[in-house]
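here is my input, please return the structure:
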Amino acid sequence: MLHIEWAPIATVAAKEFRDRLRNRWVLAVALVFAAFSLVIGYFGGAQQGEIGLRSAEFVIASLVSLVIYLIPMIALLLGFDAIVGERERGSLDLLLAYPLTRLELLLGKYLGLAAALTLSTLAGFAAIGILLFAHFGVSVLDQCVRFVVTSVMLGLSFLSLAMLLSAVARDRASASGLAIALWLFFVLIFDLLLLGLLVASGGNVGGPELAGALLLNPADLFRILNVFSLDAVRDLYGLASVVPPALANPWVLGSAMLAWIVGPLTIAIWRFRA
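Numbering: from 1, shown residues only. So this is what the prediction gives:
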């Protein structure tokens with residue numbers, strides 16, 4: 001049975017969080033999110049000849065693409081050297097000389113980085129959320145909350161993957177290469193492979209099998225959780241014909257996203273303690 005002391009975990013987490021505040025990482029990421037979200041919110045409909053906040057549904061649907069590209073990259077860059085960086089600098093043995101287990105060290109680092117990522121995400125999307133609320137009223141509250149919560153969950157899932165990479169990599173160069181490869185696979189290559197399989201099979205492979213494969217990608221889970229719930233735009237993404245009603249259940253998709261947070265982190269803990 002594992003024995004965990006939360007005091008050293010909180011100490012490590014607080015240090016990681018303070019470091020990100022001190023080097024202005026949280027501020028920089030929040031400003032990036034705020035700037036991009038405001039630009040997309042106001043100019044996302046320019047190609048249709050419209051400028052301004054058209055509707056909350058179209059603004060959020062446009063922001064989904066931004067989040068899928070940016071948040072996984074930021075989370076991977078944030079956590080890829082959390083463990084291997086300490087090992088390469090020679091400070092890992094020093095940290096473990098304190099009354100601190102490997103499990104407590106990894107959990108502390110993850111929680112501190114997760115807090116920094118969560119704060120930057122919330123702060124970054126606060127501006128567009130306030131504008132949507134002021135423009136469209138309380139009716140947008142549910143959509144905005146869903147979007148922000150799932151954005152945080154997407155970031156935490158890729159942060160868990162980053163911690164796993166950091167626990168298994170031999171050095172920072174290997175970890176950074178794996179992080180880039182992971183981002184390319186989940187954000188770009190995965191959907192292309194599914195589309196290629198669908199085309200190559202002449203449409204014979206699809207339906208529940210294809211929809212089930214989407215559970216294997218946290219970026220696709222995030223997209224479905226947000227876009228499938230917006231009746232006005234889900235047909236534009238082709239999700240209405242791909243995702244069966246059973247997998248359109250937000251509780252099912254949310255549980256799958258939670259598994260992407262817990263699963264890689266659990267493997268990272270196992271690997272780091274081995």
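
go ahead and confirm residue 83 touches residue 167.
Yes - Residue 83 lies in contact with residue 167 (CB atoms under 8 Å); the separation is 5.2 Å. (C-beta placed from N, C-alpha, C; glycine too.)

out of the two, which sits in the busier spot?
Shown here are residue 83 and residue 167; by other CB atoms under 10 Å, residue 83 has more neighbours (27 against 24).

from residue 73, how far out is the more buried one?
Counting by CB to CB, to the nearest Å, the gap from residue 83 to residue 73 is 19 Å.

show the backbone phi and psi for residue 5.
The phi/psi pair for residue 5 (degrees, to the nearest 10) reads phi -100, psi 120.

what sits closest to it if chain neighbours are left out?
Closest residue to residue 5 apart from its sequence neighbours, by CB to CB, 6 or more residues apart in numbering: residue 104 at 6.3 Å.

OK, contacts around the one you found?
4, 5, 8, 9, 12 (CB atoms under 8 Å, 6 or more residues apart in numbering).

tell me which helix or strand it sits in.
Assigned by DSSP states H and E, residue 104 falls within helix 102-136.

hmm, who's touching stretch 16-23?
For stretch 16-23, contacts defined as CB under 8 Å, 6+ apart pick out 26, 108, 109, 111, 112, 113, 115, 116.

again, only using 6 Å
26, 109, 112, 113, 115, 116 (CB atoms under 6 Å, 6 or more residues apart in numbering).

repeat that for stretch 251-270.
For stretch 251-270, the surrounding residues in contact (CB under 6 Å, 6+ apart) are 103, 106, 153, 156-157, 160-161, 163-164, 167, 215, 218, 221, 224-225.

give me phi/psi at residue 83?
Note on residue 83: backbone dihedrals following degrees, to the nearest 10 are phi -100, psi -50.

what about the residue lying closest to it once chain neighbours are set aside, which SS state?
Nearest non-adjacent residue to residue 83, counting by CB to CB, 6+ apart: residue 166, 4.1 Å away. Per DSSP: H, G, I helix; E, B strand; the rest coil, the local secondary structure of residue 166 is helix.

these two touch, right, residue 166 and residue 86?
No - using CB atoms under 6 Å, residue 166 makes no contact with residue 86, being 9.0 Å away.

which one's more surrounded, those two?
residue 166 (26 against 18).

quick check, pLDDT for that one.
Residue 166 is assigned 95 on the pLDDT scale.

before we move on, what about the one 3 residues further on?
Residue 169 is assigned 92 on the pLDDT scale.

next: the one 10 residues further on.
Listed pLDDT for residue 179 reads 96.

how close does it sit to residue 186?
11 Å.

quick one, what contacts residue 183?
Taking CB under 6 Å, 6+ apart, we find residue 183 in contact with 72, 73, 76.

same list, those, but as CSV with distance to residue 95, secondary structure and neighbour count please.
Shown next, in CSV, are those (distance: CB to CB, whole Å; DSSP: H, G, I helix; E, B strand; the rest coil; neighbours: other CB atoms under 10 Å):
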residue, distance to residue 95, secondary structure, neighbour count
72, 28, helix, 25
73, 27, helix, 16
76, 23, helix, 23
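
wait, which of these is closest to residue 30?
The nearest member of the contacts of residue 183 to residue 30, counting by CB to CB, is residue 73 at 15.5 Å.
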